[in-house]
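Chemist: Just to be clear, the model below is a prediction. Sequence and coordinates:
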2 protein chains.
Amino acid sequence: MTKLLIYEDNPQLREGLTMLINGSDGFEVLAAFKNCNNIIEEVNAWNPDVILMDIDMPGINGIEGLKQLRQVNTDVKILMLTVFDDNKNVFQAISNGANGYILKKTPPARLLEYITEAQSGGAPMTASIATQVLKMFSSMNNEKGEDYHLSDREKQVLQLLVEGYSYKMIASEMFIAIDTVRSHIKKIYEKLHVNSKSEAVAKAFKDKLV
Amino acid sequence: MTKLLIYEDNPQLREGLTMLINGSDGFEVLAAFKNCNNIIEEVNAWNPDVILMDIDMPGINGIEGLKQLRQVNTDVKILMLTVFDDNKNVFQAISNGANGYILKKTPPARLLEYITEAQSGGAPMTASIATQVLKMFSSMNNEKGEDYHLSDREKQVLQLLVEGYSYKMIASEMFIAIDTVRSHIKKIYEKLHVNSKSEAVAKAFKDKLV
DNA sequence: TGTTCTATAACATATTTATGCGGTTGCTGA
DNA sequence: TCAGCAACCGCATAAATATGTTATAGAACA
């Protein structure tokens, strides 16, 4: 038996969801609330398997409720419910540990599938949301900056710089003279258009060279 | 009619997929190849709607093929096929513009659903993959590191260090003496448990302090 | 064959950084 | 009212870094 809590401010929808789910074998709505003001106590008291969480609620909204709850409970599965597949909210919800993100227009049969999927460790998402997630993902990782044409040896030196090695330590790590380290670093600075170690390190992070 | 290309090195699986798909209404396999060596020409020649792409192939693997193809074609939908839900490959595939990522053990009926979903702009993923994607997503944004209790002024100094300022420049930027800058930086190093500028910069990036 | 690139290395010098010590002021909270 | 802390400043010194110039050897390339 999958036990649920529902957070949804709209009374019609709240009742509708409750009846739908309670009317299905294997599911039980323990309680339904119209806001997240006491979510931590409520979840502790009822110990549900899955939470259906509306995003747009007065007072503490769904994202905030999610954040608060995740501070103290990382086990319960949380399915976010929303009307729009709004970019910002999707991002926020997922970053804060939501297990799934589905649109309210999802047909009832599908909703039950999603709940089951979430409970068993899956990540149910409406198709349009999944697409958005992939897009965000690729957009944030793809732009791997220019290629500065660092030689293998230069990359290695830069790597060690980033790890906080001094010239002396790099020399001993790479079995070369400290003056050679200098030469490499000078070249690196030219190629990266910087003129200090910390700038090089910063650039390495920014441009994901390491 | 959904037109497909298949890239898969295993002959049995390649034939099996082809027959399965050709035997289903509304789907047609235009051609099937055992490697990606000529993927760009092939896609141009056949102009498919969807590509099924194995990841583990000799020569140019699926990820590489994906990368190459996406350089010149961002329209065709690409579904990655793999045996394992291996973290690194999932990440790579998605970052490089794959439209979906499914396991080879996916049952035939489900596979056809996934193809349809990809074609209509969705992002079909096996449940275990979807979960991984969300985890990667949240892990890369959530862990905002420890709080090192830097004072406001110290944060400001660190910020400038990260931007490549020297002590002298920081002093003039903040209208304080260079010795005061030293004091602040010494304190910062203590709090961050580092002992050089570049380590502090690296730590600032890693722990998202800036 | 000569040119270019990389890796290696040395020497010199100026600047920057790291670290120690010391101190004053002003605010805040117990 | 006193302790603690943040912010400010100074002096001294050793270490590390930045920058210049120069040079050799091997590999890659046309």
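Modeler: Right, received. Where do you want to start? Residues are numbered from 1 along each chain as shown, chains lettered A, B, ... in the order given.
Chemist: Which pLDDT value goes with A:Val181?
Modeler: At A:Val181, the predicted lDDT confidence score is 96.
Chemist: Actually, A:Asn141.
Modeler: At A:Asn141, the pLDDT value in this model is 62.
Chemist: So for stretch A:107-119, mean pLDDT?
Modeler: In this model, stretch A:107-119 has an average pLDDT of 93.
Chemist: That stretch: which residues count as buried?
Modeler: Buried residues in stretch A:107-119, counted by 16 or more other C-beta atoms under 10 Å in any protein chain shown: A:Leu111, A:Leu112, A:Tyr114, A:Ile115, A:Glu117, A:Ala118, A:Gln119. (C-beta placed from N, C-alpha, C; glycine too.)
Chemist: now the helices for chain A?
Modeler: A:11-22, A:39-46, A:62-72, A:87-95, A:108-119, A:127-142, A:152-162, A:167-174, A:178-192, A:197-206 (DSSP state H).
Chemist: Enumerate the residues of chain A near DNA strand C.
Modeler: A:149, A:151-154, A:174, A:176-177, A:179-180, A:182-184, A:187, A:196, A:198 (C-beta under 7 Å from any atom of the strand).
Chemist: Please identify the most buried of the helices of chain A.
Modeler: Across those, averaging neighbours per residue (mean count of other C-beta atoms under 10 Å in any protein chain shown) puts helix A:197-206 on top, at a mean of 22.
Chemist: State the mean pLDDT of it.
Modeler: 94.
Chemist: list the helices and strands it packs on?
Modeler: Using 3 or more C-beta pairs under 8 Å, 6 or more residues apart in numbering or on different chains; DSSP states H and E, the elements in contact with helix A:197-206 are helix A:152-162, helix A:178-192, helix B:152-162, helix B:197-206.
Chemist: if we look at the shortest one, which residues are touching it?
Modeler: Taking C-beta atoms under 8 Å, 6 or more residues apart in numbering or on different chains as the criterion, the residues outside helix B:197-206 that touch it are A:161-164, A:196-198, A:200-202, A:205-206, B:145, B:158, B:161-162, B:185, B:188-189, B:192, B:194, B:209-210.
Chemist: hmm, 7 Å instead?
Modeler: A:161-162, A:164, A:197-198, A:201-202, A:205, B:158, B:161-162, B:188-189, B:192, B:194, B:210 (C-beta atoms under 7 Å, 6 or more residues apart in numbering or on different chains).
Chemist: Output it as CSV, nothing but the C-alphas.
Modeler: Extracted in CSV, the C-alpha atoms of helix B:197-206 (Å, rounded to 0.1, in the frame of the first residue of the first chain):
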residue,chain,number,x,y,z
LYS,B,197,46.5,32.6,-3.1
SER,B,198,45.8,30.1,-5.8
GLU,B,199,44.7,27.5,-3.4
ALA,B,200,42.2,30.0,-2.0
VAL,B,201,41.0,30.8,-5.5
ALA,B,202,40.6,27.1,-6.3
LYS,B,203,38.7,26.5,-3.1
ALA,B,204,36.5,29.5,-3.8
PHE,B,205,35.5,27.9,-7.1
LYS,B,206,35.1,24.4,-5.8
